[in-house]
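Student: Take a look and give me a structure for this.
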Amino acid sequence: MTVRHVFARFATRISEWAGKPVSFILALIAVIIWAALGPVFDYSETWQLVINTGTTIITFLMVFVLQNAQTRDTRAIQAKLDEIILTSHAENRFIGIENLDEEDLKHLDRLVAKAAKGRGETEARRTTEKQADLSAAKPEKRKRAAPATASRKRK
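Tutor: Numbers count the residues shown, from 1 in each chain. The predicted structure follows:
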(Lines give C-alpha, C1' and ligand atoms only; values in the text may rest on other atoms or scores of the structure.)
Protein backbone atom coordinates (compact mmCIF):
# COMPACT_ATOMS: atom_id res chain seq x y z
CA MET A 1 0.00 0.00 0.00
CA THR A 2 1.25 3.45 -0.92
CA VAL A 3 1.31 6.43 1.43
CA ARG A 4 -1.36 8.11 -0.73
CA HIS A 5 -3.66 5.13 -0.42
CA VAL A 6 -3.19 4.92 3.36
CA PHE A 7 -3.80 8.66 3.75
CA ALA A 8 -6.87 8.52 1.52
CA ARG A 9 -8.39 5.74 3.63
CA PHE A 10 -7.45 7.58 6.83
CA ALA A 11 -8.97 10.84 5.54
CA THR A 12 -12.18 9.09 4.52
CA ARG A 13 -12.62 7.41 7.91
CA ILE A 14 -11.79 10.54 9.90
CA SER A 15 -14.14 12.71 7.83
CA GLU A 16 -16.94 10.16 8.30
CA TRP A 17 -16.32 10.10 12.05
CA ALA A 18 -16.05 13.90 12.31
CA GLY A 19 -19.45 14.29 10.64
CA LYS A 20 -21.30 12.20 13.21
CA PRO A 21 -23.37 13.75 16.01
CA VAL A 22 -21.29 11.99 18.66
CA SER A 23 -18.22 13.94 17.50
CA PHE A 24 -20.03 17.22 17.96
CA ILE A 25 -21.28 16.17 21.40
CA LEU A 26 -17.75 15.19 22.48
CA ALA A 27 -16.38 18.55 21.30
CA LEU A 28 -19.18 20.37 23.10
CA ILE A 29 -18.49 18.45 26.31
CA ALA A 30 -14.79 19.36 26.05
CA VAL A 31 -15.67 23.06 25.72
CA ILE A 32 -18.10 22.88 28.66
CA ILE A 33 -15.45 21.20 30.85
CA TRP A 34 -12.91 23.83 29.81
CA ALA A 35 -15.36 26.65 30.59
CA ALA A 36 -16.24 25.09 33.95
CA LEU A 37 -12.55 24.95 34.86
CA GLY A 38 -12.19 28.69 34.23
CA PRO A 39 -12.88 29.74 37.84
CA VAL A 40 -10.55 26.99 39.15
CA PHE A 41 -7.66 28.41 37.10
CA ASP A 42 -8.79 32.00 37.73
CA TYR A 43 -9.37 32.47 33.99
CA SER A 44 -5.62 32.66 33.52
CA GLU A 45 -3.76 33.03 30.25
CA THR A 46 -2.71 29.37 30.50
CA TRP A 47 -6.36 28.34 30.80
CA GLN A 48 -7.17 30.32 27.66
CA LEU A 49 -4.08 29.03 25.87
CA VAL A 50 -5.19 25.42 26.39
CA ILE A 51 -8.42 25.83 24.38
CA ASN A 52 -6.84 28.11 21.78
CA THR A 53 -3.94 25.77 21.11
CA GLY A 54 -6.10 22.64 21.12
CA THR A 55 -8.70 23.98 18.72
CA THR A 56 -6.08 25.52 16.43
CA ILE A 57 -4.17 22.25 16.09
CA ILE A 58 -7.33 20.21 15.50
CA THR A 59 -8.66 22.70 12.97
CA PHE A 60 -5.34 22.89 11.13
CA LEU A 61 -5.09 19.12 10.75
CA MET A 62 -8.77 18.60 9.93
CA VAL A 63 -8.59 21.05 7.02
CA PHE A 64 -6.20 18.76 5.18
CA VAL A 65 -8.02 15.57 6.06
CA LEU A 66 -11.46 16.89 5.07
CA GLN A 67 -10.17 18.53 1.91
CA ASN A 68 -8.63 15.25 0.77
CA ALA A 69 -11.85 13.34 1.35
CA GLN A 70 -13.97 16.04 -0.30
CA THR A 71 -11.76 16.24 -3.37
CA ARG A 72 -11.89 12.50 -3.87
CA ASP A 73 -15.67 12.41 -3.41
CA THR A 74 -16.15 15.27 -5.85
CA ARG A 75 -14.03 13.60 -8.51
CA ALA A 76 -15.93 10.35 -8.07
CA ILE A 77 -19.31 12.07 -8.29
CA GLN A 78 -18.22 13.87 -11.43
CA ALA A 79 -17.13 10.63 -13.07
CA LYS A 80 -20.48 9.05 -12.19
CA LEU A 81 -22.39 11.99 -13.62
CA ASP A 82 -20.34 11.86 -16.80
CA GLU A 83 -21.21 8.21 -17.20
CA ILE A 84 -24.92 8.90 -16.76
CA ILE A 85 -24.78 11.69 -19.34
CA LEU A 86 -22.90 9.55 -21.86
CA THR A 87 -25.35 6.67 -21.84
CA SER A 88 -28.92 5.99 -20.92
CA HIS A 89 -27.80 2.72 -19.36
CA ALA A 90 -25.38 3.56 -16.53
CA GLU A 91 -22.73 0.93 -16.04
CA ASN A 92 -22.41 -0.79 -12.68
CA ARG A 93 -18.63 -0.48 -12.80
CA PHE A 94 -18.96 3.18 -11.76
CA ILE A 95 -20.65 2.31 -8.48
CA GLY A 96 -18.24 2.74 -5.57
CA ILE A 97 -15.48 4.53 -7.47
CA GLU A 98 -15.16 7.04 -4.62
CA ASN A 99 -13.16 4.35 -2.85
CA LEU A 100 -10.50 4.26 -5.56
CA ASP A 101 -7.14 5.86 -5.02
CA GLU A 102 -6.10 9.10 -6.71
CA GLU A 103 -4.41 7.55 -9.75
CA ASP A 104 -7.38 5.29 -10.53
CA LEU A 105 -9.78 8.26 -10.35
CA LYS A 106 -7.58 10.28 -12.72
CA HIS A 107 -7.49 7.32 -15.11
CA LEU A 108 -11.31 7.08 -15.06
CA ASP A 109 -11.57 10.82 -15.75
CA ARG A 110 -9.37 10.39 -18.83
CA LEU A 111 -11.40 7.40 -20.08
CA VAL A 112 -14.72 9.21 -19.73
CA ALA A 113 -13.35 12.32 -21.48
CA LYS A 114 -12.06 10.18 -24.35
CA ALA A 115 -15.41 8.41 -24.70
CA ALA A 116 -17.21 11.77 -24.66
CA LYS A 117 -15.07 13.08 -27.51
CA GLY A 118 -15.88 10.04 -29.64
CA ARG A 119 -19.61 10.24 -28.97
CA GLY A 120 -19.82 14.03 -29.11
CA GLU A 121 -20.19 14.34 -32.87
CA THR A 122 -22.76 11.53 -33.07
CA GLU A 123 -24.83 13.02 -30.24
CA ALA A 124 -24.72 16.49 -31.81
CA ARG A 125 -26.10 15.09 -35.08
CA ARG A 126 -28.88 13.22 -33.28
CA THR A 127 -29.88 16.30 -31.31
CA THR A 128 -30.00 18.43 -34.47
CA GLU A 129 -32.13 15.83 -36.25
CA LYS A 130 -34.55 15.59 -33.29
CA GLN A 131 -34.90 19.37 -33.16
CA ALA A 132 -35.63 19.46 -36.89
CA ASP A 133 -38.27 16.72 -36.52
CA LEU A 134 -39.92 18.54 -33.61
CA SER A 135 -39.95 21.83 -35.49
CA ALA A 136 -41.65 20.16 -38.46
CA ALA A 137 -44.26 18.50 -36.20
CA LYS A 138 -45.24 21.63 -34.24
CA PRO A 139 -47.28 23.40 -36.97
CA GLU A 140 -49.41 20.27 -37.44
CA LYS A 141 -50.24 20.17 -33.74
CA ARG A 142 -51.26 23.82 -33.81
CA LYS A 143 -53.61 23.28 -36.76
CA ARG A 144 -55.31 20.35 -35.04
CA ALA A 145 -55.62 22.19 -31.75
CA ALA A 146 -57.28 25.26 -33.29
CA PRO A 147 -60.56 23.62 -34.45
CA ALA A 148 -60.96 21.74 -31.17
CA THR A 149 -60.62 25.02 -29.25
CA ALA A 150 -63.11 26.74 -31.56
CA SER A 151 -65.69 23.99 -31.14
CA ARG A 152 -65.41 24.19 -27.37
CA LYS A 153 -66.05 27.93 -27.43
CA ARG A 154 -69.24 27.46 -29.46
CA LYS A 155 -70.82 25.19 -26.86
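Student: Show me where this structure has its helices.
Tutor: Secondary structure of the chain (DSSP state H): helices at 3-18, 21-36, 45-86, 102-154.
Student: Ramachandran angles for Leu100?
Tutor: Dihedral pair for Leu100: phi -70, psi 160, per degrees, to the nearest 10.
Student: just checking, it touches Ala76?
Tutor: Yes: counting by CB atoms under 8 Å, Leu100 touches Ala76, with 7.3 Å between them. C-betas here are computed from N, CA, C, even on glycine.
Student: can you list the helices of the chain in a markdown table and add mean pLDDT and mean neighbour count?
Tutor: Output for the helices of the chain, formatted as a markdown table (pLDDT from 0 to 100; neighbours: other CB atoms under 10 Å):
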| stretch | mean pLDDT | mean neighbour count |
| --- | --- | --- |
| helix 3-18 | 90 | 14 |
| helix 21-36 | 96 | 11 |
| helix 45-86 | 90 | 14 |
| helix 102-154 | 65 | 11 |
